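S.K.: Quick one, fold the following:
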Amino acid sequence: MLGGDPPSGELQIKVHPRRGDKVAHPTSTSPPPASRRPLPPPLPDDFQPFKQWFPWMVPTFTVANILMFIITMYVNNCPKNSPPCIATFLGRFSFQPFKENLLLGPSINTLEKMGALKVDLVVKEHQSWRLITCMWLHANVVHVLTNMLSLVIIGIRLEKEFGFLRIGPLYLISGLGGSIVSALFIEAKASVGASGALFGLLGAMLSELLMNWTIYANKVAALLTLILIIAVNLAMGLIPGVDNFAHIGGFLTGFFLGFILLIRPQFRWIRQQHPPPGYRASSLKPKHKTYQYVLWVLSFLLVTAGLTIGLIMLLRGANAFDYCQWCHYLSCSPTSKWSCKEQHMFCEVIDFVNSTLIFPLFM
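M.R.: From the prediction side, this is the model:
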């Protein structure tokens, strides 16, 4: 172009003054390829890509569970209803005899009165609220302390990272899913405990790791450790008196809810939102990857369908063993050391010792 500089990006002709060389050599003024551009400077060490939340909900849930156990013992009133009692110095808070409750707790009748899950009361008496209340009750002192220690360790870490608006629904819906599966299989027996919801938190930790795979370091070691923890805790449910159906139902519900509620944006998008001064990205990165959207949609459909179908089957009085005759082995496997017959009360227990192993890799 005559009378001025060529526009940026156009091809211009420069004549190189070499003797005997009268060939015109084209050169481009377009920007250098992206591969040759300098990388943006690293983010500061104190940069926090995600908001840290103050954990108040999990401690509140913990206190509520302990208070419910104290209220249950008050209602139980062993000295009046079924003496002789254990720890009589506690008055009406004393415990049932060991022959009724080996690990210091109330009677089965008291737990049923307080809201334990029992299928005939849900189906015939239309007491559907027991699907929720059972997760706030515990069968004995060891049961409540073990579950609450697990809730504090697992739940506070998740609430710090994702906030109560995500972890609260995750906990409650997982507990509901565990109760529905338990009720479809346990039939005439009563069930109490929070570990259907706790297994939901473990399931969500697994799906969150898979969903947000690209933002984690040491991901393979973390994945293998988490799978081991889950497997050990599910195996604990194979002994008599433990409601492993609630564990499995809560775990599956929490696993799919994790894909819905715990999705993270990819790190390149986060970096793009906090560019160093003077740096412009050559191309905009999507907030989420395609596989994240696919998992979100599939999980939403599975959770919605699973809870709806399970609840309809339960309220119609369906017996899940009619569709899965071998499934009783998922909750109790008979050995020479114990029998799986005549279990009147089921406790939903999560193994606290094994659950603590996960946190050095995830904190």
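S.K.: where does the stretch 51-200 of the chain have low pLDDT?
M.R.: 187-188 (pLDDT under 70).
S.K.: Show me what the strand or helix carrying Asn233 packs onto, helices and strands only.
M.R.: Using DSSP states H and E, Asn233 sits in helix 219-236. On a contact count with 3 or more C-beta pairs under 8 Å, 6 or more residues apart in numbering; DSSP states H and E, helix 219-236 meets helix 195-211, helix 244-261, helix 352-355, helix 359-362. No exception for glycine: its C-beta is placed from N, CA and C like everyone else's.
S.K.: please redo it, this time with the cut-off set to 7 Å
M.R.: Judged by 3 or more C-beta pairs under 7 Å, 6 or more residues apart in numbering; DSSP states H and E, the packing partners of helix 219-236 are helix 195-211, helix 352-355, helix 359-362.
S.K.: how big is the angle separating it from helix 195-211?
M.R.: Taking axes from the mean of the first three to the mean of the last three C-alpha atoms, to 10 degrees, one finds helix 219-236 and helix 195-211 inclined to each other by 160 degrees.
S.K.: hmm, back to that, quickly, which of the helices and strands packed on helix 219-236 bottoms out on average pLDDT?
M.R.: Among these, helix 359-362 carries the lowest mean pLDDT, at a mean of 28.
S.K.: before we move on, back to that, tell me the buried residues in the helix holding Asn233?
M.R.: Neighbour-count burial for helix 219-236, counted by 16 or more other C-beta atoms under 10 Å, picks out 222-223, 225-226, 229-230, 233-234, 236.
S.K.: swap in stretch 322-335?
M.R.: In stretch 322-335, counting by 16+ other C-beta under 10 Å, buried: 330-332.
S.K.: contacts for that stretch?
M.R.: 185, 237-238, 240, 243-245, 248, 320-321, 340 (C-beta atoms under 7 Å, 6 or more residues apart in numbering).
S.K.: Make sure Thr62 is indeed in a helix.
M.R.: Yes - the assignment for Thr62 by DSSP: H, G, I helix; E, B strand; the rest coil puts it in a helix.
S.K.: Could you double-check that Ile66 lies in contact with Met148?
M.R.: Yes - assessed by C-beta atoms under 7 Å, Ile66 is found in contact with Met148 at 6.4 Å.
S.K.: Please compare these two by neighbour count and tell me which comes out ahead.
M.R.: Met148 (22 against 14; other C-beta atoms under 10 Å).
S.K.: Ramachandran angles for that one?
M.R.: phi -70, psi -40 (degrees, to the nearest 10).
S.K.: biggest helix in this structure by residues?
M.R.: Counting residues, the longest helix found in the chain (DSSP state H) is helix 290-315.
S.K.: C-alpha coordinates for the strand or helix carrying Asp120, CSV please?
M.R.: Assigning secondary structure by DSSP H and E places Asp120 in helix 119-123. The C-alpha trace of helix 119-123 is given here as CSV (Å, rounded to 0.1, in the frame of the first residue of the first chain):
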residue,chain,number,x,y,z
VAL,A,119,-41.3,-51.0,56.6
ASP,A,120,-44.8,-52.0,57.8
LEU,A,121,-45.2,-48.6,59.5
VAL,A,122,-44.1,-46.8,56.4
VAL,A,123,-46.3,-48.8,54.0
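S.K.: Name the surrounding residues that touch that helix.
M.R.: Under C-beta under 7 Å, 6+ apart, the answer for helix 119-123 is 127-128, 130-131, 183, 186-188, 314-315, 317.
S.K.: Stretch 192-199 now?
M.R.: 65, 111, 116-117, 134-135, 137-139, 143, 147, 150-151, 154, 171-172, 174-175, 178-179, 182, 243, 246-247, 249-251, 254, 347-350.
S.K.: and these, which are buried?
M.R.: 65, 111, 116-117, 134-135, 137-139, 143, 147, 150-151, 154, 171, 174-175, 178-179, 182, 243, 246-247, 249-251, 254, 347-350.
S.K.: Hmm, Ala320 is touching Phe185, no?
M.R.: Yes - contact status for Ala320 versus Phe185: in contact at 5.0 Å, counting by C-beta under 7 Å.
S.K.: Give me the more crowded residue out of these two.
M.R.: Using other C-beta under 10 Å, the more surrounded residue of Ala320 and Phe185 is Phe185, with 23 against 20.
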